[in-house]
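>>> With the sequence up front, the predicted model follows.
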Amino acid sequence: MKGYLNLFDFSKKVDYKTEILAGLTVALALIPEAVAFSIIAGLSPLTGLYAAFSMGLITAIFGGRPGMISGATGAIAVVIVALAKSHGVEYIFATVILAGIIQMLAGFLKLGKFIRLVPHPVMFGFVNGLAIVIFMSQLVQFKSADASGVLHWMTGAPLYIMLGLVLLTMLIIWGLPKLTKAVPSSLAAILVISAIVIGLHVDTRTVGDIASIKGGFPPFHIPAVPISFDTLKLIFPYALIMAGVGLIESLLSLNLIDEITETRGRGNKEAVAQGAANFITGFFSGMGGCAMIGQSLINISSGARARLSGIVAALMLLVFIMFGSSLIERVPMAALTGVMIMVAIGTFEWASLRAFGKMPRHDLVVMVLVIIITVVLHNLALAVLIGVILSALVFAWESAKRIRARKYIDDNGTKHYEIYGPLFFGSIMAFNEKFDVLNDPDEVIIDFRESKVVDMSGIEALNKLTERYKNAGKKLHLRHLSDDCRLLLKNADDIIEVNVMEDPYYRLAVDKI
């Protein structure tokens with residue numbers, strides 16, 4: 001519990017100017033994202049903005065990864081859109097609260113450690129797919145609606161203005177750090193483009209054209225849903241998926257930022273913080289959310305490394321909602337689009353392209369598959385889950401091919417089989433092919449010193465093998481099997497010659513440990 005309450009590390013030096021400016025940059029970038037995701041979910045823009053504020057503030061203070069930004073996300077919006085259409089916003093708030101409870105339980109049960117099971121090719125696929133999704137999501141800014149509301153690609157002057165402003169934004173973000181790092185380049189780009197558009201009265205789309213962000217402090221509100229088993233049965237599947245998607249995205253984002261900053265976050269603490277944030281957000285009219293990798297990368301690339309930047313971002317977002325909406329609504333979308341495109345370029349693992357011809361073929365297939373699922377379905381959690389399952393199957397297949405046997409007959413006429421490699425469900429067929437029961441001598445010894453029986457499939461394979469030797473009238477001895485095998489094998493006392501605990505080599509190894 002002490003670890004959860006130890007919020008701020010005062011032993012590390014904090015660059016307050018960098019943290020504050022980075023937080024301001026993130027706050028500006030949060031607005032169009034939160035508005036867009038709330039609209040995707042079929043909810044009010046303020047629902048997404050309130051979620052961005054409460055999620056961002058709570059995870060910035062209590063989270064396990066300083067510098068990571070949380071808020072309303074597209075993955076969460078996709079999960080809840082069907083429920084929002086069928087039952088309304090009140091059921092969304094109840095779902096967010098329940099999802100928060102599930103996430104907190106996952107954190108307290110220390111399930112965050114299982115994120116280590118995500119292989120590197122899956123991480124490559126996740127990051128590259130995410131970069132492509134971020135880039136593609138910005139293309140809608142190059143479209144305009146006609147009188148009937150149908151979107152068409154811009155043409156003529158509006159397109160040239162949009163392209164020019166976006167390219168100028170990207171140029172500032174790329175070039176300014178080569179001259180000075182006194183101000184985050186993303187913030188400088190937003191301010192410069194806003195000044196040009198406002199000062200020269202350039203006709204281009206602004207934040208205000210998407211939706212008004214004016215509002216008050218998030219109101220405390222208990223979801224108006226019946227407290228019954230039917231309600232729980234309705235919202236639980238959505239809450240479970242929301243909790244899983246949120247944790248997977250948050251912990252993968254945490255791992256990515258760990259690699260960039262060469263520091264280590266705390267996955268279980270982040271899971272608890274994400275759960276607490278969603279739980280509270282549900283009572284303050286928010287749609288819920290999780291870590292936002294795009295905004296987190298903006299924050300990290302701006303030089304932020306402490307909790308202060310996330311706190312500033314959340315508080316400044318609230319200030320914009322309550323007091324500065326008239327100014328923020330004049331910020332051109334071209335500036336924010338340029339920032340997000342640069343984030344996409346920085347997110348993509350270009351090194352993975354150079355490794356295309358060098359990495360194992362199955363790793364390449366896993367990486368490409370994760371990218372395709374991410375880009376086509378926009379479901380990062382599903383892509384990662386499929387990638388992990390496929391990698392596990394590949395690992396099982398490769399491990400199954402590693403089982404082998406060294407065979408020889410000693411001076412007494414006894415045949416020895418020395419088994420190497422794991423015996424499990426995948427290697428049973430290859431294991432059985434090693435033995436010639438009919439032509440073996442009357443006494444056979446199978447030595448498992450360099451092998452391990454991993455699962456019940458392996459135990460059952462041994463049972464069937466001993467039965468075959470018994471039916472052939474031959475005596476079989478098994479050496480160096482674990483006590484678990486002694487308990488599970490049939491007629492173990494008759495066939496297990498040396499218990500691993502009694503083996504002098506085992507005792508010697510234990511003594512050395």
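Received it, and whenever you're ready, just let me know what you need. Residues are numbered from 1 along each chain as shown.
>>> so where's the stretch 301-450 of the chain shaky on pLDDT?
Applying pLDDT under 70 to the stretch 301-450 of the chain flags no residue at all.
>>> Quick one: the helices in it, in order.
307-322, 325-328, 333-347, 351-354, 361-377, 380-400, 428-432 (DSSP state H, counting those that start in this stretch).
>>> Figure out which of those is closest to Gly67.
When those are compared by CB to CB, helix 307-322 sits nearest Gly67, at 6.4 Å. Bear in mind the C-beta positions are built from the backbone N, C-alpha and C, glycine included.
>>> Return the alpha-carbon coordinates of the closest one using CSV.
The C-alpha coordinates for helix 307-322 follow below in CSV (Å, rounded to 0.1, in the frame of the first residue of the first chain):
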residue,chain,number,x,y,z
ARG,A,307,3.8,14.0,-13.1
LEU,A,308,3.5,17.8,-13.3
SER,A,309,3.0,17.9,-17.1
GLY,A,310,0.0,15.6,-16.9
ILE,A,311,-1.5,17.6,-14.0
VAL,A,312,-1.0,20.9,-15.9
ALA,A,313,-2.6,19.4,-19.0
ALA,A,314,-5.7,18.3,-17.2
LEU,A,315,-6.1,21.5,-15.3
MET,A,316,-5.5,23.7,-18.4
LEU,A,317,-8.0,21.6,-20.3
LEU,A,318,-10.6,22.5,-17.5
VAL,A,319,-9.6,26.1,-17.7
PHE,A,320,-10.1,26.1,-21.4
ILE,A,321,-13.6,24.5,-21.0
MET,A,322,-14.7,26.9,-18.3
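>>> what about that helix, distance to the chain center?
Remark: helix 307-322 is offset 24 Å from the chain centroid, using CA atoms, centre = their mean, to the nearest Å.
>>> buried stuff in that helix?
Buried residues in helix 307-322, counting neighbours by 16 or more other CB atoms under 10 Å, are found at 307-318, 320-321.
>>> ok, now stretch 103-112?
Buried residues in stretch 103-112 (16+ other CB under 10 Å): Gln103, Met104, Ala106, Gly107, Leu111, Gly112.
>>> Between the two ends of it, how far is it?
10 Å (CA to CA, to the nearest Å).
>>> what does it rub up against?
243, 246-247, 251, 266-276, 278-279 (CB atoms under 8 Å, 6 or more residues apart in numbering).
>>> The same query, at a cut-off of 7 Å, please.
For stretch 103-112, the external contacting residues (CB atoms under 7 Å, 6 or more residues apart in numbering) are 243, 246-247, 251, 267-272, 274-276, 278-279.
>>> So which of those sit within helices?
When DSSP state H is applied, these are split such that 243, 246-247, 251, 267-272, 274-276, 278-279 fall in helices.
>>> Could you identify the buried members of the residues you listed?
243, 246-247, 251, 267-272, 274-276, 278-279.
>>> Looking at the residues you listed, which one is closest to Ile20?
Closest to Ile20, out of all of those and judged by CB to CB, is Glu270, at 23.2 Å.
>>> Name the nearest residue to that closest one, ignoring sequence neighbours.
Computed as CB to CB, 6 or more residues apart in numbering, the closest residue to Glu270 that is not its neighbour in sequence is Gly64, at 3.5 Å.
>>> Can you classify the one you found as helix, strand or coil?
Three-state call for Gly64 (DSSP: H, G, I helix; E, B strand; the rest coil): coil.
>>> Am I right that it is in contact with Val272?
No - judged on CB atoms under 7 Å, Gly64 makes no contact with Val272 at a distance of 8.1 Å.
>>> Show me which positions of stretch 162-179 end up buried.
Neighbour count says stretch 162-179 has Met162, Leu165, Val166, Leu168, Thr169, Met170, Ile172, Ile173, Leu176, Pro177 buried, by 16+ other CB under 10 Å.
>>> Enumerate every residue touching the fourth one.
Same thing as Leu168. Contacts of Leu168 by CB under 7 Å, 6+ apart are Ile193.
>>> Give the helix, strand or coil label for it.
helix.
>>> follow-up on the earlier one: let me know the closest of the buried residues of stretch 162-179 to Ser70.
So of the buried residues of stretch 162-179, ranked by how close each gets to Ser70 (CB to CB), first place is Ile173, at 23.2 Å.
>>> Tell me the pLDDT of that closest one.
With respect to pLDDT, Ile173 scores 88.
>>> So it versus Ile193, what's the distance?
11 Å (CB to CB, to the nearest Å).
>>> Residues in contact with both of the two, list them for me.
Between them, Ile173 and Ile193 share no contacting residue, judged by CB under 7 Å, 6+ apart.
>>> which residue packs closest to Ile345, ignoring adjacent ones?
Ala131 (7.4 Å).
>>> circling back: would you turn the helices of the stretch 301-450 of the chain into CSV with distance to Glu19?
Listed next are the helices of the stretch 301-450 of the chain as CSV, based on distance: least, CB to CB, whole Å:
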stretch, distance to Glu19
helix 307-322, 4
helix 325-328, 21
helix 333-347, 18
helix 351-354, 29
helix 361-377, 31
helix 380-400, 28
helix 428-432, 57
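>>> Ile80 is nearest to which of the ones you listed?
Between the helices of the stretch 301-450 of the chain, helix 380-400 lies closest to Ile80; by CB to CB that is 13.8 Å.
>>> Show me what the closest one is packed up against.
If you count contacts as 3 or more CB pairs under 7 Å, 6 or more residues apart in numbering; DSSP states H and E, helix 380-400 packs onto helix 120-138, helix 229-261, helix 361-377.
>>> With distance to Gly42 added, can I get the buried residues of stretch 103-112 in CSV?
Output for the buried residues of stretch 103-112, formatted as CSV (distance: CB to CB, whole Å):
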residue, distance to Gly42
Gln103, 23
Met104, 27
Ala106, 28
Gly107, 30
Leu111, 31
Gly112, 31
